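>>> Structure, please.
(2 chains)
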Amino acid sequence: MAMNTLHDGFSEKGALIEQHFQELTARRRLYSWLGFAIVALALSGSLWFANETNAGKFFDRLPYLFDFVGDMVPRDGMEVFRALFDLPSPYDDGSFKYNYPEGRLYITESFYVPEYFHKMLETLNIAIFSTVIGMVFGFLLCFLAAKNLVANRLLRGFVRRFMEILRAFPEVVLAGFFLAILSLGPLPAVIAVSIHTVGALGKLFFEVVENADMKAEEGLRAVGASWIERVWFGIVPQVLPNFMSYFLLRLEINVRASTIIGAVGGGGIGELLRLSIGQNHQAKTLAIVLLLLITIIAVDQFSAWLRRKLVGDQAFRLAQ
Amino acid sequence: MTTLNSAQMDEIAARHPAVFHRSFWQRFRVAIIAGGFVLYALYCWWFFAIGHVLTTANWNIAGTYLADWVSYEVRPEVTIAPDGAMKLTYPRFSPLGPNAEPDWVEIERGTMSRTTPAAGTSATTAKKPASMGFMGEGAVLGGSDAAAESMATATIREEEVVKRAVITLNSSTSVEVVPDRVTVQHAGETLVVDLDNGAMEVDGALPAWATQKRPGEKITLAFGFAGWGEIEAGDVSIRKRFLGWANFLFDTNSPFHGKSMSEVYSLIASGDRIDPKQSNLSLAWDNILYNAEWQHLDVWTKLLQTIVMAFVGTLFAMLLAFPLAFMAARNITRSWLSNQLTKRLFDFLRSVDMLIWALFFTRAFGPGPLAGMSAIFFTDTGTLGKLYSEALENIDDKQREGVKSVGAAPVAVQRFGVLPQVMPLFASQALYFWESNTRSATIIGAVGAGGIGLKLWEAMRTNSDWENVAYMVLLILIVVFIFDGISNALRSRLMGKPSH
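Numbering: from 1, shown residues only, chains lettered A, B, ... in the order given. All right, here's what the predicted structure looks like:
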């Protein structure tokens, strides 16, 4: 840097300080470069490895990267909406590809819910229900894991490890295991997502509890309140807005998670999306993508609005 | 809790009216929200038909599957021919390997003279009781001609057969098979089944651990964790369960199979070469890597793919989100168009789910880590870009003004006025996403985007490789915990906060 080189004419002490400063920056720079070199090495090794073990090689496939975009174009623009609302298509040739009305779910004689809306509702319900379950159990567990409420290291450590395992256990495995027992349907997805949510919300919750103001709890302790009374009247009112905010944040994440779980056999819209991409049904794929996009944006916006109302600007602390 | 009397209560109420006269919503919100949750739970109970699913679920099988995670079965099978000749066999891929003679199976052999029908008819006559379909009828019809023909060519010869077999499952459970009788002992009770030329007869009542749907049909024995068994006329098959993972290092084809640790060690250290082309050490290592049941090399490669997907995807997302965030931040780029364009791009990338990206890129690149990597890259560019631009919009302007006031170039203003404020936050968030992507990379792998996800999914779909699932889950948990630790340590160092 130009600023660092102008140092002639220092006093003796000044020169010493300057020398130390220079040594410090030199060491810092060395560490930075070393760090960069390690990351660059790891990156190039990773890229080579990924390319080597992939089915199609990157540079071979690059010219065809956008071929699938061409495959995605429907016969005409209206087809997407016909697929979305299960209206009959003029291209119907008896094949499954253009037979949109087949998926209709009739509620009365003439009123039906289009297939994709029904499945989207299923996915949304998986997300909401499992977030609720996760919230209930996370709520019950988090107070046992907080340092300021439980003095027993053993209990605290056990609850924390338990939540860590719930969080790290792959959702795919939970879904697959319950799929084997409960047979096809959305319930395996609900169980898988809820178990993960218990761990994830429990962790966020106990961190909130640990940061709570202990004065209210102290007051209750002074009048001889029991542990449950202290938690319920001293801690819960303080942390509830934050809990609700994390609940909504988790809901956003779970809408995506339940879509993905659906794609690996858990029912809902994810499964339909995977099938229609696999079978090259352009209009159906676009309709599902459109529906998913709108739903996810709507959920995100609603949750962001509600969180801002609940906890103000804190709402945007995604990562802690 | 110390309680107040009513006079004190009134006094306090008079002093603080606001506390005691709250609005309807304030008073009942907890009850209303809780009631809402309960109503919603009831709705979901109906919507997902939870009651129905739980009652039709196969809970017995759940126990077996769970036990399969940490144990394996060995399946000796005793077949009894109509003339009373018995044979004890193991299935082709038995964990004990071919020609095993475990010490918990006691065999008494003897010789007997058997009439061997001519080749060709033996197959059809053996098939007779099993196949009842259209083809079976035809085979029987064809077989009767052949049988008549074979009478002339049938030979009588001495053959070594099993006279008696005792299979011990644990100290209180054993199954004894002689040609005309099966005696099962379990938990102090004894079950005797008389076998007589294809017919079965139970002496006395069935104990609680044995079930039979109709008299004369197959009897199923359940011994808890020790195993289970089935008795049919002419066929007794037993499953003995062992705790542990079978053949974890060497499969049954390996020359090291069935040897103890010290034997293997001495073979490697000083034994003669088993395969003249390579040393015993490299042979052992090869045998471990290409173990047919556990596929260690394949599992490790797939796990490494998952790690690589998360690492490269997050790193590229960070590198791209970094400059874009500067374009998206209102206070840094004062152009409405550029702000809006980049912010909407972030929203788009984020809202098109990682699943959709994964499915698209799987079509573009073929299954493999490139697809998963690209999916993570696209989604996280959106998420990180949004977070970064929000962080940039919240910076303190004084530092920038200071750097600007001494006449620094625009790039220098960003470098010395903005970066020092946001860099720790940026790096911390990237680390957080790296960690959480290591987890999500498993699941997008299951739709074909590379990594261990697909392998896990395939192992689960067979419903019989749960021990492999357990192995992979264990590896994933270890990797996730290690990365959690690294990322937490780095982040707390960056943010100057103690780690949790």
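
>>> Tell me where the stretch 51-200 of chain A has strands.
Listed from the start of the chain, the stretch 51-200 of chain A has strands (DSSP state E, counting those that start in this stretch) covering A:105-106, A:112-113.

>>> Which stretch among the ones you listed is buried most, on average?
Highest mean neighbour count of those: strand A:112-113, a mean of 16 (counted as mean count of other Cβ atoms under 10 Å in any protein chain shown). C-beta coordinates here come from the backbone N, C-alpha and C atoms, glycine included.

>>> any idea how far that one is from the chain center?
Taking Cα atoms, centre = their mean, to the nearest Å, the mean C-alpha location of strand A:112-113 is offset from the chain mean by 30 Å.

>>> Strand partners (parallel or antiparallel) of that strand?
Looking at strand A:112-113 with DSSP bridges, its partner strands are strand A:105-106 (antiparallel).

>>> Let me see the mean pLDDT of the partner strand.
Averaging pLDDT along strand A:105-106 yields 80.

>>> contact partners of it?
Residues outside strand A:105-106 that contact it (Cβ atoms under 8 Å, 6 or more residues apart in numbering or on different chains): A:Tyr112, A:Val113, A:Pro114, A:Glu115, A:His118.

>>> Just give me how far it sits from the chain centre.
The chain centroid and the centroid of strand A:105-106 are separated by 32 Å under Cα atoms, centre = their mean.

>>> Residue numbers of the stretch 51-200 of chain A in contact with chain B?
For the stretch 51-200 of chain A, the residues in contact with chain B under the definition Cβ under 8 Å from any Cβ of the partner chain are A:51, A:53-56, A:58, A:61, A:64-68, A:122, A:125, A:128-129, A:132, A:136, A:164-165, A:168-173, A:176-177, A:179-183, A:185-187, A:190.

>>> The stretch 201-320 of chain A now?
Contact residues, the stretch 201-320 of chain A versus chain B (Cβ under 8 Å from any Cβ): A:203, A:207, A:220, A:223-226, A:229, A:256-257, A:259-261, A:263-264, A:270, A:273-274, A:277, A:289, A:292-293, A:296-297, A:300, A:316, A:318-320.

>>> which among these end up buried?
When neighbours are counted using 16 or more other Cβ atoms under 10 Å in any protein chain shown, those contain these buried positions: A:203, A:207, A:220, A:225, A:256-257, A:259-261, A:263-264, A:270, A:273-274, A:277, A:289, A:292-293, A:296, A:300, A:316, A:318-319.

>>> From those residues, which land in helices?
Secondary structure assignment (DSSP state H) places A:203, A:207, A:220, A:256-257, A:259-261, A:270, A:273-274, A:277, A:289, A:292-293, A:296, A:300 from these within helices.

>>> what about the helices in the stretch 51-200 of chain B?
For the stretch 51-200 of chain B, helices defined by DSSP state H, counting those that start in this stretch occupy the ranges B:59-70, B:121-127, B:134-150.

>>> no no, the stretch 301-450 of chain B
B:336-351, B:354-365, B:369-393, B:397-405, B:410-413, B:419-444.

>>> what do you get for the stretch 51-200 of chain A?
Read by DSSP H, counting those that start in this stretch, the stretch 51-200 of chain A holds these helices, from start to end of the chain: A:58-61, A:67-71, A:77-85, A:115-145, A:153-168, A:171-182, A:187-210.

>>> what's the closest of those helices to B:Ile107?
Comparing the helices of the stretch 51-200 of chain A by their distance to B:Ile107 (Cβ to Cβ), the top pick is helix A:171-182, with 36.4 Å.

>>> what's that closest one packed up against?
The contact analysis (3 or more Cβ pairs under 8 Å, 6 or more residues apart in numbering or on different chains; DSSP states H and E) places helix A:171-182 against helix A:187-210, helix A:236-261, helix B:59-70, helix B:419-444, helix B:452-461, helix B:466-495.

>>> Off-centre distance for that helix?
The chain centre lies 20 Å from the centre of helix A:171-182; the measure is Cα atoms, centre = their mean.
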